[in-house]
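>>> Quick one: sequence plus predicted model below, questions after.
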Amino acid sequence: MERKRIVPGKGSEGFTLIELLVTLGLMGLLLGLTAGIFLRGLSFTRSTKHRMWAYEHARNTLLRLHRELRSFVPTETGAVLFEATSEAFPQEGKEEPTDRLKFSAILRDREGPSPFARRGEVEYFWVDRGFTRRELYRQIRYIDEAGVEEKDVKPVAPEIVGLDLHLLDSRGVWRDGWAESPPLPRQIKVTLRVDPGDGLPPVPFEMLINLP
């Protein structure tokens, strides 16, 4: 007995269950790949922005240090204040040394509507934040004619994880610290270590500054 073949008529449409499942699977795979590419691109964009901000903060900090050190002056009493010392903080499970700096300078007060120059003391120092973290702070200390003290303390930038100072003396020898003054160093090489994120090692930013 001859079997009859069933042939779909013209214009009939549809998918079998297997075809539908295969199509859905391919669509899911395509969406997954697209989402993965999008998330990786988004993560890369955020990392790039973070790195750019970190580098910009380092650049601005060096420029400000340059302005401040170039305006170095003796204190109100005529004494010379310039100190560069080293200290150790726990960083990434080990004791990593970093430097602090203190000096007197003529500073511009930019908070008011008409900025004016004031004699003050500038200090860059580190604060232990626990969990092997430290943060660089900048303190401005003013003392007016009546002896009233005014302080302004602010963090510099959380991305800065290290400050290294090298000081050139009158004999042409580079030193790591400076406690006696006068005399003053001829030049200061400032190195900021910046965390670029993503588990990468710190990036150094350097500037050579001549004291007036």
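The structure has been received and is ready for your questions. Numbering: from 1, shown residues only.
>>> Now do the contacts for residue 140.
Going by CB atoms under 8 Å, 6 or more residues apart in numbering, residue 140 touches 107, 120-122, 151-153. C-beta coordinates here come from the backbone N, C-alpha and C atoms, glycine included.
>>> so where's the chain uncertain?
1-15, 38-39, 41-47, 75-79, 88-97, 109-116, 130-132, 143-148, 180-181 (pLDDT under 70).
>>> so where do the strands sit in it?
With DSSP state E, the ranges of strands along the chain come out as 82-91, 94-109, 116-130, 133-143, 149-155, 160-168, 174-175, 187-194, 203-210.
>>> Please convert those to JSON lines, extending it with distance to residue 51.
As requested, the strands of the chain are exported to JSON lines (distance: least, CB to CB, whole Å):
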{"stretch": "strand 82-91", "distance to residue 51": "20"}
{"stretch": "strand 94-109", "distance to residue 51": "21"}
{"stretch": "strand 116-130", "distance to residue 51": "22"}
{"stretch": "strand 133-143", "distance to residue 51": "18"}
{"stretch": "strand 149-155", "distance to residue 51": "19"}
{"stretch": "strand 160-168", "distance to residue 51": "13"}
{"stretch": "strand 174-175", "distance to residue 51": "30"}
{"stretch": "strand 187-194", "distance to residue 51": "9"}
{"stretch": "strand 203-210", "distance to residue 51": "9"}
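>>> quick one, phi/psi of the residue most central in space within the chain?
Residue closest to the mean C-alpha point of the chain, counted by CA atoms, centre = their mean, is residue 159 at 2.7 Å. The phi and psi values for residue 159, taken as degrees, to the nearest 10, are phi -80, psi -20.
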